[in-house]
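Novice: can you look at this prediction? I've put the sequence above it.
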Amino acid sequence: MNDSNTEEFHRSRPAVTTIMPVRNGEKFIGAALESLRPEIGPRDEILVVDDGSTDASAEIARNFSGPIRVIQQIGSGCAVARNRALREVATPWIAFLDADDLAYPDRILRLGQRMLEKDLPELVYGGQRRFFDNLPSATEVEEPLACLFGTMLLEKNVFTRAGLLDSSLRAGEILPWFAKVRQVGTRIAQLPGPVIRRRQHDNNLSATNEYRSAWLTTMRAVLAVRRG
């Protein structure tokens with residue numbers, strides 16, 4: 001698709017709100033926001049939720065020259081931050097991006113085109129490539145398809161039917177939520193190929209012992225959903 005067709009697609013497709021939680025992400029949030037620029041349509045919005053940062057994350061976000069709103073809250077975790085933003089969404093479509101990751105320039109183009117195909121999926125997710133911030137010469141790794149926040153585009157009404165995220169969870173909150181999404185009969189489609197670059201760095205939440213221990217609680221929540 002050439003540039004003029006891409007621009008026309010972004011003008012005519014449903015509007016998208018991209019939700020970005022951040023906590024002390026001043027080192028990376030500028031690059032994350034810039035990676036969204038190629039996919040921003042005329043009616044889109046970026047919602048950044050600053051989850052109790054003590055650095056310049058919120059200031060960097062406010063200085064971004066784009067359709068952005070910054071919400072600040074006391075540090076309560078990513079699930080609470082995402083839920084806070086979800087309550088503010090006024091667009092038909094929703095996307096996410098973590099403040100330390102990067103979106104491919106054609107992320108919304110590819111996911112959105114799939115959303116508009118004849119079977120009209122309500123949620124589409126693609127893949128990701130992991131890159132290593134502390135090992136710049138390391139080869140990027142393309143990972144298996146998985147429904148992660150940054151890899152999906154979905155209709156707002158999916159949250160209406162499946163509910164918001166479990167705010168008590170400190171890790172992996174997408175898993176029990178996605179189990180509910182399947183339970184309510186959401187039309188889901190996969191899109192081959194990566195749509196985000198996921199940054200691996202020394203301060204990743206997923207690299208901490210606290211995060212790993214929180215997974216036990218998350219898996220119990222998943223089992224509870226599956227058992228009804």
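Specialist: The structure has been received and is ready for your questions.
Novice: can we go C-alpha only for contacts and neighbour counts from here?
Specialist: OK.
Novice: let me see the confidence value for A32.
Specialist: Per-residue pLDDT puts A32 at 98.
Novice: look up the closest residue to it, ignoring the ones flanking it.
Specialist: Computed as Cα to Cα, 6 or more residues apart in numbering, the closest residue to A32 that is not its neighbour in sequence is L102, at 5.1 Å.
Novice: for that neighbour, give the beta-bridge partners.
Specialist: R197 (DSSP bridges).
Novice: tell me the contacts of R199?
Specialist: Counting by Cα atoms under 8 Å, 6 or more residues apart in numbering, R199 touches 100-102, 130-133.
Novice: show me what contacts the spatially most central residue of the chain?
Specialist: For the chain, F96 is the residue whose C-alpha lies nearest the centre (Cα atoms, centre = their mean; 2.2 Å). Residues in contact with F96, defined by Cα under 8 Å, 6+ apart, are 18-20, 149-153.
Novice: which helices and strands does whichever strand or helix holds R110 pack with?
Specialist: Per DSSP states H and E, R110 falls inside helix 107-115. For helix 107-115, the packing partners by 3 or more Cα pairs under 8 Å, 6 or more residues apart in numbering; DSSP states H and E come out as helix 3-12, strand 123-132, strand 152-155, strand 188-200.
Novice: how does it look with 7 Å?
Specialist: If you count contacts as 3 or more Cα pairs under 7 Å, 6 or more residues apart in numbering; DSSP states H and E, helix 107-115 packs onto no helix or strand.
Novice: so which bits of it are buried?
Specialist: The neighbour-count check on helix 107-115 (16 or more other Cα atoms under 10 Å) flags 107-112, 114-115 as buried.
Novice: pLDDT of stretch 133-152, averaged?
Specialist: Stretch 133-152 shows a mean pLDDT of 83.
Novice: what ranges do the strands span in this structure?
Specialist: 16-22, 45-51, 68-73, 93-96, 102-103, 123-132, 141-143, 152-155, 188-200 (DSSP state E).
Novice: what is the shortest one packed up against?
Specialist: What it means is strand 102-103. helix 29-36, strand 188-200.
Novice: quick one: distance of that strand to the chain centre.
Specialist: Offset of strand 102-103 from its chain centre (Cα atoms, centre = their mean, to the nearest Å): 10 Å.
Novice: and for stretch 147-164?
Specialist: For stretch 147-164, the distance to the chain centre is 10 Å (Cα atoms, centre = their mean).
Novice: for it, how far is the first residue from the last?
Specialist: 16 Å (Cα to Cα, to the nearest Å).
Novice: quick one: contacts of stretch 153-167?
Specialist: With Cα atoms under 7 Å, 6 or more residues apart in numbering as the test, stretch 153-167 has contacts from 79-80, 83, 92-95, 111, 122-125, 173, 177, 180-181, 184.
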